[in-house]
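[1] Provide a 3D model corresponding to the input given below.
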Amino acid sequence: MSDDKSKTGNADRVRINLSEDYEVRDWAKKFGVTEDALRRAAERVGPMAEDVRRELGGQ
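    Next comes the predicted model:
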């Protein structure tokens, strides 16, 4: 099932959807890491952006 881009809100801003290539690309760019590094971090800590950021060493 694809992401409904007409329904954006808080959930879209705090959760990384690894099934959507554009989200992986955008979050990886935001965190300054490769897409593979983002995927590995999300697999370790889950899809919440704040948890992934901490896992990647962000402040």
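
[2] show me what contacts Arg13?
    For Arg13, the residues meeting the contact criterion (CB atoms under 8 Å, 6 or more residues apart in numbering) are Ala49. (Each C-beta comes from the backbone N, C-alpha and C, glycine too.)

[3] and for Asp36, the neighbour number?
    Neighbouring residues of Asp36 were enumerated by other CB atoms under 10 Å; the total is 10.

[4] give me the pLDDT value at it.
    Asp36 carries a pLDDT score of 98 in this model.

[5] what do you get for Asn10?
    At Asn10, the pLDDT recorded in the model is 53.

[6] how about Glu43?
    Per-residue confidence for Glu43 comes out at a pLDDT of 96.

[7] try Gln59
    54.

[8] from what I see, Gly14 and Pro47 are in contact.
    Wrong residue type there; residue 14 is Val, not Gly. No: using CB atoms under 8 Å as the test, Val14 is too far from Pro47 to be in contact (9.1 Å).

[9] of these two, which one has the most company?
    When neighbours are counted by other CB under 10 Å, Val14 and Pro47 differ, and Pro47 comes out ahead with 16 against 12.

[10] what residues does Arg39 make contact with?
    Applying CB under 8 Å, 6+ apart, one finds that Arg39 lies in contact with 18, 24.

[11] other SSEs contacting the helix or strand that contains Asp26?
    Asp26 is located in helix 21-31, with elements delineated by DSSP states H and E. Contact partners of helix 21-31 among helices and strands, from 3 or more CB pairs under 8 Å, 6 or more residues apart in numbering; DSSP states H and E: helix 35-45, helix 49-55.
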